[in-house]
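Q: here is the input, now give the coordinates:
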Amino acid sequence: MSIEVLLKEFAEVSEHPHHQIQAFKAEGKKVIGVLPYYAPEELVYAAGMVPMGIWGSNKKTISLAKEYCATFYCTIAQLALEMLLDGTLDDLDGLITPTICDTLRPMSQNFRVAMKDKLPCIFLAHPQQRKPAFGLQFTMDQYQHVKSELEKISGNTITDEALRTAIKVYNRSRAARREFVKLAGEHPDVVSAVSRSAVLRAAWFMIKDDHTAKLEALNAELKALPPCDWKGCKIITSGIICDNPKLLQIFDDNRIAIAADDVAHESRMIRVDAAETGDPMMALAQQFADQDYDILLYDENSSQNRRADFVVKLVKDSGAQGLVLFMQQFCDPEEMEYPYLKKALDAAGIPHIKLGVDQQMRDFGQASTAIQAFADVL
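A: Residues are numbered from 1 along each chain as shown. As a prediction, the model looks like this:
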């Protein structure tokens, strides 16, 4: 199958996730919505159900959700609630709501109140101290709670064997996505910023076996291509999410390629694999403990500014000429981190721009001007 055909198929899934849910339901499958982020999707898979990522929407307008939350809440969370209220997600059989940030924590209760008896809501509280033994035990206890609730919804027992199989499936998916990120950075003439996002976004809406099979086929085609003599510039993207095709099209119009990313919706979620042997629940808890360099995760060595150093190294290792930070509106952790990140980037001589974004953006004129000016600087 050609690169063009594969990219088109990923784009179709990315653009119409509701079609995926409808297809799964038509096949008799149960679907569990999974809010951001670091939720153990492997448990959903091992229960014989389909995990469906919910990261807001670029197409919806916040209306019904206004009755439940303040206007200064992150639009990702608000639009997730909007889709639950307006019927978009009526086909879901359950919902996993992590409480990893200051918005999702209170919003988890809004989901519970809004859904009442309509949809089972499974709350997941991650520990702040995730690396010590007591943190690992807390994570395991939380995952055990999620496991028990999923078993009630599915009617299936999640065995250790099924969970180890799920871990292998997800490790293979993460490996394929990591390879794609690398290959897309090497072939921006074939994989545009818009197409790159669609491939990675589609992973949230497809059964991982299917997504991985298509992605491995795409990776094989990309590896067979001759080296790309890219005449434009390359950048690193950073932030929580950047999946709006209209915004990303501005990068393509200005011949700005994405060499790699530090985006939670994309590469942050695929950096760490889980052990495929031993206790599978401990393997998942250890996987979360091994996650690092994320503004939402406690860093006991934060005084050393390790995350900023990581981002600087990512830019240098990728060969990118600069960084674009997509700062989610009303995200306090990102806003508090920015001075330290800016200081590190400036000290390393790395040009960067900061773009305030949310999923209610409809006018990209200001962003277009900023990106065009940045391209001229690079």
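Q: after the host helix or strand of residue 181, which helix or strand is next?
A: Element membership of residue 181, judged by DSSP states H and E, is helix 160-186. Counting by DSSP H and E, the next helix or strand C-terminal to helix 160-186 is helix 193-202.
Q: off-centre distance for the helix holding residue 181?
A: 14 Å (CA atoms, centre = their mean, to the nearest Å).
Q: tilt between that helix and helix 193-202?
A: Computed by axes from the mean of the first three to the mean of the last three CA atoms, to 10 degrees, the angle separating helix 160-186 from helix 193-202 equals 180 degrees.
Q: for residue 360, which three-state class applies?
A: Under DSSP: H, G, I helix; E, B strand; the rest coil, the three-state class of residue 360 is coil.
Q: what's the spacing between the nearest residue to it once chain neighbours are set aside and residue 12?
A: In space, residue 360 comes closest to residue 75 once its chain neighbours are excluded; the distance is 5.4 Å by CB to CB, 6 or more residues apart in numbering. To be clear about C-beta, it is placed using only N, CA and C from the backbone, and glycine gets the same treatment. Relative to residue 12, residue 75 is positioned 25 Å away (CB to CB, to the nearest Å).
Q: so which of the two has more stuff around it?
A: Under the criterion of other CB atoms under 10 Å, the comparison of residue 75 against residue 12 puts residue 75 first, with 25 against 13.
Q: mind checking how far that one is from residue 259?
A: According to CB to CB, residue 75 stands 27 Å off from residue 259.
Q: repeat for residue 58
A: 24 Å.
Q: quick one, which of the two is more surrounded?
A: When residue 58 and residue 259 are compared for neighbours, residue 259 comes out ahead with 24 against 19, by other CB under 10 Å.
Q: tell me where the chain has strands.
A: 31-34, 50-53, 94-98, 121-124, 233-239, 256-263, 322-328, 352-357 (DSSP state E).
Q: packing partners of the first one?
A: Pointing back at strand 31-34 there. helix 17-26, helix 41-46, strand 50-53, strand 94-98 (3 or more CB pairs under 8 Å, 6 or more residues apart in numbering; DSSP states H and E).
Q: if we go to 10 Å?
A: helix 17-26, helix 41-46, strand 50-53, helix 75-85, strand 94-98, strand 121-124, helix 133-154 (3 or more CB pairs under 10 Å, 6 or more residues apart in numbering; DSSP states H and E).
Q: partners of that strand, with directions?
A: strand 50-53 (parallel), strand 94-98 (parallel) (DSSP bridges).
Q: and it, C-alpha only, in PDB?
A: The C-alpha trace of strand 31-34 is given here as PDB (Å, rounded to 0.1, in the frame of the first residue of the first chain):
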ATOM      1  CA  VAL A  31     -15.900   1.100  24.200                       C
ATOM      2  CA  ILE A  32     -14.300   2.900  27.200                       C
ATOM      3  CA  GLY A  33     -13.500   6.600  27.000                       C
ATOM      4  CA  VAL A  34     -10.100   7.500  28.400                       C
END
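Q: buried residues in that strand?
A: 31-34 (16 or more other CB atoms under 10 Å).
Q: ok so, going back, residue 246 is nearest to which of the helices and strands packed on strand 31-34?
A: Of all the helices and strands packed on strand 31-34, it is helix 75-85 that lies closest to residue 246, at 15.5 Å by CB to CB.
Q: list the buried ones in that closest one?
A: Across helix 75-85, burial judged by 16+ other CB under 10 Å covers 75-85.
Q: same thing with stretch 140-148?
A: Applying 16+ other CB under 10 Å to stretch 140-148 flags 140, 142-143, 146-147 as buried.
Q: do I have it right that residue 322 meets residue 315?
A: Yes - Residue 322 lies in contact with residue 315 (CB atoms under 10 Å); the separation is 7.5 Å.
Q: now for the helix or strand of the chain with the lowest mean pLDDT, which elements pack on it?
A: In the chain, no helix or strand scores lower on mean pLDDT, DSSP states H and E than helix 104-115, which sits at a mean of 83. If you count contacts as 3+ CB pairs under 10 Å, 6+ apart, helix 104-115 packs onto helix 75-85, strand 94-98, strand 121-124.
Q: poorly predicted segments of the stretch 201-350 of the chain, please.
A: 302-304 (pLDDT under 70).
Q: now do the helices in it.
A: Under the criterion DSSP state H, counting those that start in this stretch, the stretch 201-350 of the chain contains helices at 208-223, 245-253, 280-290, 306-318, 332-347.
Q: relative to residue 368, which of these is closest?
A: Smallest distance to residue 368 across the helices of the stretch 201-350 of the chain (CB to CB): 4.9 Å, for helix 245-253.
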